[in-house]
Each structure stands twice: as C-alpha cells, then as structure tokens.
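Visitor: what's the 3D shape of this:
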Amino acid sequence: MNPTLAINLPEVLAEVSAAFARYEDALVHNKVEVLDELFWNSPHTLRYGATENLYGYAAIQDFRAGRPSQGLARSLLKTVITSYGTDMATANVEFQRAGSAKTGRQSQTWMRTPEGWRVVAAHVSLLA
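Guide: This is a model prediction of the structure:
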C-alpha cells in the first residue's frame, strides 16, 4: 500500500486529533487568536456558519472578532476524525450547546501546511 494514500495513519491521526482538540478548547473558551491561527490564512478558506457564509480568511477573522463571547459552551456528542494520506484530514462532530435541545453539526477539512495543520473549509449547522 502506498503510505501517501493510507487512511488513518496513526501518527497523522494523532496530529490532527491534537489540532482539533486545541481548536475545540479555543472555541469554547473564545481564544480568538488560536482560532485565527488554526484557520488557513488564504482567500481560498471558507466557513459556512449557522447564519453566515464567509469566504476567505479575512472574513472569517472579522466574524470571530465580532462574535459574542457568551454561550459558547457545548458538549460533543460524536466526533469522527479521519486522515487521508499524510496531508489532509476531516473532523466531523455532532454537538449540543449548553442549555439547548438542538443538535448541531460541524465539519472541517484540515490540511498540513508549513505552519502546521490548518482548517481550510468548515461548515456548521443546527438540526431543527
């Protein structure tokens, strides 16, 4: 098997899982500088949120800077992280915000860059 095509190489999966854990901590504790760091600084990066469509790193950074810092606590109900080769991965979660009965979904595509693992595309939605 070609190792660049391998699914869930243990060392790669561990790296992405650690990057995702760092992201999750930054998200629920509103560590905006870490969230900014973990998104790829590129006009190609996108984030579809529950109420917004953001195209490019600058738009995502502006959104984070203006977002309320309250009500960010959540529980992860299910997390699936999958790596593809050595440089790409996805992280998908089902979550529930504290005090809400709604289930949310978050999908992220991660890419290895010279600076480390970065989110290149993300999507967040809530089930009715």
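
Visitor: In a strand, Tyr23, correct?
Guide: No. The assignment for Tyr23 (DSSP: H, G, I helix; E, B strand; the rest coil) gives helix, which keeps it out of a strand.

Visitor: nearest spatial neighbour of it, skipping sequence neighbours?
Guide: Leu38 (5.1 Å; Cβ to Cβ, 6 or more residues apart in numbering). C-beta here means a position set from N, CA and C on the backbone, and glycine is covered the same way.

Visitor: neighbours around the one you found, how many?
Guide: If you count neighbours by other Cβ atoms under 10 Å, Leu38 ends up with 21.

Visitor: Flag the shaky bits of this protein, pLDDT-wise.
Guide: Along the chain, the model assigns pLDDT under 70 to residues 1-4.

Visitor: and the residue nearest in space to the middle of it, bridged to which residues?
Guide: For the chain, the residue nearest the mean C-alpha position is Gln108 (4.5 Å; Cα atoms, centre = their mean). Beta-bridge pairing of Gln108 under DSSP bridges involves Ala91, Ala122.

Visitor: just to revisit the earlier point, okay but the residue nearest to Tyr23 is in contact with Asp25, surely?
Guide: No. Using Cβ atoms under 8 Å, Leu38 is not in contact with Asp25; the gap is 10.6 Å.

Visitor: Report the separation between the residue nearest to the centre of the chain and Val16.
Guide: Distance, Gln108 to Val16, using Cβ to Cβ, to the nearest Å: 10 Å.

Visitor: Residues in contact with both of these two, list them for me.
Guide: Ala91 (Cβ atoms under 8 Å, 6 or more residues apart in numbering).

Visitor: need the helices for this protein, in chain order.
Guide: Using DSSP state H, the helices assigned to the chain run over residues 10-28, 32-38, 57-66.

Visitor: what's the closest of these to Thr82?
Guide: Thr82 sits nearest to helix 10-28 of all the helices of the chain, at 7.9 Å, using Cβ to Cβ.

Visitor: Mind giving me the packing neighbours of the closest one?
Guide: Helix 10-28 sits against helix 32-38, strand 74-84, strand 88-97, strand 103-113, strand 116-126, with contacts defined as 3 or more Cβ pairs under 8 Å, 6 or more residues apart in numbering; DSSP states H and E.
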